[in-house]
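Q: the following comprises the amino acid sequence and a computationally predicted model.
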Amino acid sequence: MARVIVIDLSRHNTVYVGHDRYFVLHAGGPPLLVRDHCPHRGGPLSLARPTPDGRRLSCPWHGTKVGVSAVRRGCLPMVRSGDEAVVLLPDGTEPVSVLRKEVLANLPAETGPAC
Amino acid sequence: MTIIETAQSPALAAYCAQPIFRPGPDVYITGNPYRRPIGPVGPASGFAVPATLAEFLGPGQLAAGRILCNAYESDMILLPAAGLATAKDDFDLFYGDEIRRLRDTVRPGLERYAFSFLDDAVPAPPVRTLDDLQEYFLAEVGGAGAPADASGVNPAVDPAAPVGGTMRAITECRHPEEAAGLHLIQLALDALTEASAMARNLGGSYGTEQSELFKIFNDEFGYGVYGAKHSTIFKEMLASVGLRTDLHAYWNFYLTSSLIGVNYFNWLTEDHRGMFRYMAAVTYLEWLFAQGFADTGVMLRAVYGDRVDAKYCDEHAHIDVHHGRMTYENLLLGLARAHGEIVIPELVRGIEDTKLLLRLGDEDFRAQIAWADDLAAHTGTRTDARDDASVTTLRPDDPFTTGVHDADLLVEVEDGAVHVHAWATDRPHLLEKGDVLHVPAHRLHGLKAASPRARVATRTVETAERTHDA
Ligand code: FES
């Protein structure tokens, strides 16, 4: 059976479902709760920086540029109302926790050769 | 074989005399990472005079290589797979005060002996500026067959590229499985403790390059997942082709050049003045490893067919494309940018050293498989040799060790029978009474009695007046 949690976006931006980590990404449009996992080798996309065009995240591990649209496809369904968001979690029994973390992926794009 | 008395220092003699460093009866050393026989200790100079390039494969370098490997690895955590109780006394000895004191006494002299030739062997090219360095590096990797791609970084692997060189030579051996096994054994010297030398460069405080190296280290260690750790998948590769996976099970079959190669990286990370050389050496290797491991995978599949688990090679063929780029951009050029022209000559030295060690290692390995592959062709009954026979009597349980000699030898069985171990095979070459085996200079071999008692005479070949001016 699907599980639903409610998080306060003013206080939380990260959700752990077992060992899987999701973070709130602001990439234009409504915020997304995306998996913190680079498709290359599992690098932490929350520590990625946006490319100058804002359309991709530059993974800190090996530099793969991961398209925001691809990240969006793996996001958890989330409905926001003000600071409150209702999230639909995957089926399972893993423990869930929410917390606040620094999310570099939401910082302004880096300039220079790394991007 | 007996330990030859030399003019070595008392500390060196005491180090080599430790029970864990003396040979036992076994050809393969299993279940105990602390037993590391040094074997015959040369040279007569007691290592006071650095080895020259011509002495690269001599008995002095082999002994120094084994001692230094022991010294460096007593800085690493090594535990027996069957539990510490199986080797607790040796554990206490290996990490104990006495061996560490002796190790620290002998190590600098041995390093001088083993590595000084690198400074003289190749004149350093005149690379001074960041632009020079970039141009030089790209020319070097281009010359080594891995030119940068259109975006200026190392190219993606071509899995269909025809393999040549040593990988092809292995497949063309009469006994390709033994030759491939010997190659994996040389890799095992480093791969089973993968990135342990790199770990010595992770601590401290040196800017963005430190973080970049950590990312590579993180990859080597499988992101903390044991099943993905490179040494784990290397073991799976060994096991898939029936090779032992214990650390240094094949200690007796590490070639001199392989020991020097792996010690080189431990030396540069143990003595932090070597860090710039190290970073450049790693950059050069990572760049070349991507295609190199793709070729190794092709070779292994050609030799062993479907039964080989070559994931380790596939992993490197993939991740080293990234590592080549990361090290080049962020370690080699990063350090040159951060520290300027004062470090560029050292960075260049690391690349020149590595090029030379790769070439010498390749030649050593090729010569070993060429000889070991057809010992019957080197066996006869003629004894056209000097009258300098040294005669030994061997029994099956005598201490076994392998060694090399500076001159070509003739090994004659005067009585009984002996097995010649020239590579790690369960089918060693049998010599019977009257047989004479030609052992070229610098070829690694060990003898084990195949009869209750065997008498062996060893003579120097008459024509082998080697001048060491190779
Ligand atoms: S894990 Fe993201 S680029 Fe490798």
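A: Great, that's in hand.
Q: helices of chain A, start to end?
A: A:68-73 (DSSP state H).
Q: low-confidence stretches in it?
A: A:1, A:112-115 (pLDDT under 70).
Q: residue of it nearest chain B, please.
A: Going by Cβ to the nearest Cβ, chain B is nearest to A:His62 of chain A, at 4.2 Å. For the C-beta atoms, the positions are set from N, CA and C on the backbone; glycine is no exception.
Q: who's in contact with that residue?
A: A:His62 makes contact with A:40-41, A:43, B:215, B:319, B:322, B:326, according to Cβ atoms under 8 Å, 6 or more residues apart in numbering or on different chains.
Q: from those residues, list the buried ones, please.
A: Buried members of these, counted by 16 or more other Cβ atoms under 10 Å in any protein chain shown: A:41, A:43, B:215, B:319, B:322, B:326.
Q: from memory the fourth one sits against B:Asp219, does it?
A: Which is B:Ile319. Yes. The pair B:Ile319 and B:Asp219 passes the contact test of Cβ atoms under 8 Å, sitting 5.6 Å apart.
Q: a markdown table please, covering the contacts of A:His62 and showing distance to B:Lys235.
A: A markdown table is the format used below for the contacts of A:His62 (distance: Cβ to Cβ, whole Å):
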| residue | distance to B:Lys235 |
| --- | --- |
| A:His40 | 25 |
| A:Arg41 | 21 |
| A:Gly43 | 25 |
| B:Lys215 | 24 |
| B:Ile319 | 18 |
| B:His322 | 23 |
| B:Met326 | 26 |
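Q: could you check how far A:Thr64 is from A:Val34?
A: Computed with Cβ to Cβ, to the nearest Å, the distance linking A:Thr64 and A:Val34 is 15 Å.
Q: which parts of the chain are strands?
A: Defaulting to chain A. A:3-8, A:14-17, A:20-25, A:32-35, A:49-50, A:56-58, A:65-67, A:78-81, A:84-89, A:96-99 (DSSP state E).
Q: nope, chain B please
A: B:379-380, B:390-394, B:409-415, B:417-421, B:429-432, B:436-439, B:446-449, B:454-460.
Q: residues in contact with the last one: which ones?
A: Translated: strand B:454-460. Strand B:454-460 has contacts (Cβ under 8 Å, 6+ apart) with B:383, B:385-395, B:407-418, B:447.
Q: list the buried residues of stretch B:200-215.
A: B:200-201, B:209, B:212-213, B:215.
Q: now those residues as CSV including distance to A:Ala109 and pLDDT?
A: Listed next are the buried residues of stretch B:200-215 as CSV, based on distance: Cβ to Cβ, whole Å; pLDDT from 0 to 100:
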residue, distance to A:Ala109, pLDDT
B:Arg200, 36, 97
B:Asn201, 32, 98
B:Glu209, 24, 97
B:Glu212, 21, 97
B:Leu213, 26, 98
B:Lys215, 21, 97
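Q: and those, which is closest to B:Thr401?
A: Closest to B:Thr401 out of those is B:Arg200 (29.5 Å), distances taken as Cβ to Cβ.
Q: circling back: return the distance of the residue of chain A closest to chain B relative to B:Glu140.
A: In terms of Cβ to Cβ, A:His62 sits 23 Å off from B:Glu140.
Q: just B:His429 next, same as before
A: B:His429 is 40 Å from B:Glu140, by Cβ to Cβ.
Q: and B:Gly222, by the same measure?
A: Taken as Cβ to Cβ, the span from B:Gly222 to B:Glu140 is 30 Å.
Q: for B:Lys311, same thing?
A: Using Cβ to Cβ, B:Lys311 is found at 30 Å from B:Glu140.
Q: more crowded one of these two?
A: B:Glu140 (19 against 16; other Cβ atoms under 10 Å in any protein chain shown).
Q: show me what contacts the more buried one?
A: So B:Glu140 contacts B:284, B:351, B:355 (Cβ under 8 Å, 6+ apart).
Q: and with 7 Å instead?
A: Contact analysis of B:Glu140 by Cβ atoms under 7 Å, 6 or more residues apart in numbering or on different chains lists B:Ile351.
Q: isn't A:His26 right up against A:Asn106?
A: Yes. Look at A:His26 against A:Asn106 with Cβ atoms under 7 Å: they come within range, at 4.9 Å.
Q: show the pLDDT at B:Gly83.
A: Listed pLDDT for B:Gly83 reads 97.
Q: same question for the one 4 residues further on.
A: Per-residue confidence for B:Ala87 comes out at a pLDDT of 97.
Q: so it sits against B:Arg35, correct?
A: No. At 8.1 Å, B:Ala87 does not count as touching B:Arg35 under the criterion of Cβ under 7 Å.
Q: hey, what's in contact with both of the two?
A: With Cβ under 7 Å, 6+ apart, B:Ala87 and B:Arg35 have no common neighbours.
Q: tell me which residues of stretch B:127-141 come out buried.
A: B:127, B:132-134, B:136-138, B:140-141.
Q: wait, which of the residues you listed is closest to the ligand?
A: B:Val141 (22.1 Å; Cβ to the nearest ligand atom).
Q: who touches that closest one in this structure?
A: Contacts of B:Val141 (Cβ under 7 Å, 6+ apart): B:147-148, B:154, B:287-288.
Q: farthest pair in the residues you listed?
A: The most distant members of these, if one measures by Cβ to Cβ, are B:Ala148 and B:Leu288, lying 12.3 Å apart.
Q: so which of the two has more stuff around it?
A: Higher neighbour count among B:Ala148 and B:Leu288: B:Leu288, with 21 against 17, using other Cβ under 10 Å.
Q: my guess is that one meets B:Ala146, correct?
A: Yes. Between B:Leu288 and B:Ala146 a contact is recorded at 5.5 Å, counting by Cβ under 7 Å.
Q: does B:Arg22 touch B:Arg36 like I think?
A: No. Counting by Cβ under 7 Å, B:Arg36 is not a contact partner of B:Arg22; they are 9.7 Å apart.
Q: for B:Arg168, give its distance to chain A.
A: Noted for B:Arg168: a distance of 31 Å to chain A, by Cβ to the nearest Cβ, to the nearest Å.
Q: near the ligand, which residues of chain A?
A: Chain A comes close to the ligand at residues A:38, A:40-43, A:59, A:61-64, as judged by Cβ under 6 Å from any ligand atom.
Q: 5 Å instead, please
A: Proximity of chain A to the ligand, by Cβ under 5 Å from any ligand atom, involves residues A:38, A:40-41, A:43, A:59, A:61-62, A:64.
Q: any weak-confidence spans in chain B?
A: The low-confidence ranges in chain B, as defined by pLDDT under 70, are B:1-8, B:382-386, B:462-470.
Q: so which bits of the stretch 201-350 of chain B are right by chain A?
A: B:215, B:223, B:322, B:326 (Cβ under 7 Å from any Cβ of the partner chain).
Q: any chance of these in TSV, plus distance to B:Leu53?
A: TSV is the format used below for those (distance: Cβ to Cβ, whole Å):
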residue	distance to B:Leu53
B:Lys215	36
B:Tyr223	41
B:His322	35
B:Met326	33
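Q: farthest-apart pair in those, please.
A: The widest separation within those (Cβ to Cβ) is 15.5 Å, between B:Tyr223 and B:Met326.
Q: comparing B:Arg22 and B:Arg36, which shows the higher neighbour count?
A: B:Arg36 (23 against 16).
Q: please tell me how far that one sits from B:Tyr250.
A: Taking Cβ to Cβ, one finds B:Arg36 at 12 Å from B:Tyr250.
Q: hmm, back to that, and of the residues of the stretch 201-350 of chain B next to chain A, the nearest to chain A?
A: Out of those, the member with the shortest distance to chain A (by Cβ to the nearest Cβ) is B:His322, at 4.2 Å.
Q: off-centre distance for stretch B:313-325?
A: 21 Å (Cα atoms, centre = their mean, to the nearest Å).
Q: what do you get for stretch A:18-38?
A: The answer for stretch A:18-38 is 1 Å, by Cα atoms, centre = their mean.
Q: stretch B:279-291 now?
A: Centre to centre, stretch against its chain (Cα atoms, centre = their mean), the figure for stretch B:279-291 is 17 Å.
Q: just the CA trace of it, in CSV.
A: Extracted in CSV, the C-alpha atoms of stretch B:279-291 (Å, rounded to 0.1, in the frame of the first residue of the first chain):
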residue,chain,number,x,y,z
MET,B,279,50.5,12.6,-9.0
ALA,B,280,52.0,12.8,-12.5
ALA,B,281,52.7,9.1,-12.6
VAL,B,282,49.1,8.3,-11.6
THR,B,283,47.9,10.7,-14.3
TYR,B,284,49.9,9.0,-17.0
LEU,B,285,48.8,5.5,-15.9
GLU,B,286,45.2,6.3,-15.4
TRP,B,287,45.1,7.8,-18.9
LEU,B,288,46.6,4.6,-20.4
PHE,B,289,44.8,2.1,-18.3
ALA,B,290,41.4,2.6,-19.9
GLN,B,291,42.4,1.0,-23.2
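Q: done for today, thanks.
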